[in-house]
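Participant: with the input below, show me the fold.
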Amino acid sequence: MSKRSYAGTEVEVGEDGFFAHPEQWNEAMAPAVAEEAGIPELTERHWQVIKFMRKEYLEKGEGPSVRLLGKTSGVPVKELYELFPKGPAKLAAKIAGIPRPRSCI
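Facilitator: Numbers count the residues shown, from 1 in each chain. Have a look, this model is predicted:
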């Protein structure tokens, strides 16, 4: 485990950069995580997906796959790839401070 600082708070992250402790995440951290991942600004549509990812994780214990995300988040798959170009479920999960979805390689 290594440590990173987002919004003035130090958090533990795994080798792949995902939060080791999702409860350490807060919304103020998301823009810094996004910028680090190559997304310079989070729009309302980004936030819609990020909040959906956290809700699913908190309710079910894991983040949704891209397919499920496209069907249930209100954001179609094509747009998900525009918002999160390097793999929507994986990148949105990282920005949302939750573990990598099992469906992501």
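
Participant: could you use CA atoms for every contact and neighbour count after this?
Facilitator: Will do.

Participant: and the top helix by length along the chain, what does it pack against?
Facilitator: Longest helix in the chain by number of residues (criterion: DSSP state H): helix 44-60. Counting contacts by 3 or more CA pairs under 8 Å, 6 or more residues apart in numbering; DSSP states H and E, helix 44-60 packs against helix 88-95.

Participant: all helices for the protein, in order.
Facilitator: Remark: helices assigned in the chain by DSSP H are 30-36, 44-60, 66-72, 77-83, 88-95.

Participant: what's the most buried one of the ones you listed?
Facilitator: Greatest average neighbour count among the helices of the chain goes to helix 88-95 (a mean of 26), per mean count of other CA atoms under 10 Å.

Participant: could you measure from the residue nearest to Gly87 when sequence neighbours are not counted over to Val11?
Facilitator: Leaving aside its chain neighbours, Gly87 sits nearest to Tyr81 (6.7 Å; criterion: CA to CA, 6 or more residues apart in numbering). Distance of Tyr81 to Val11, given as CA to CA, to the nearest Å: 28 Å.
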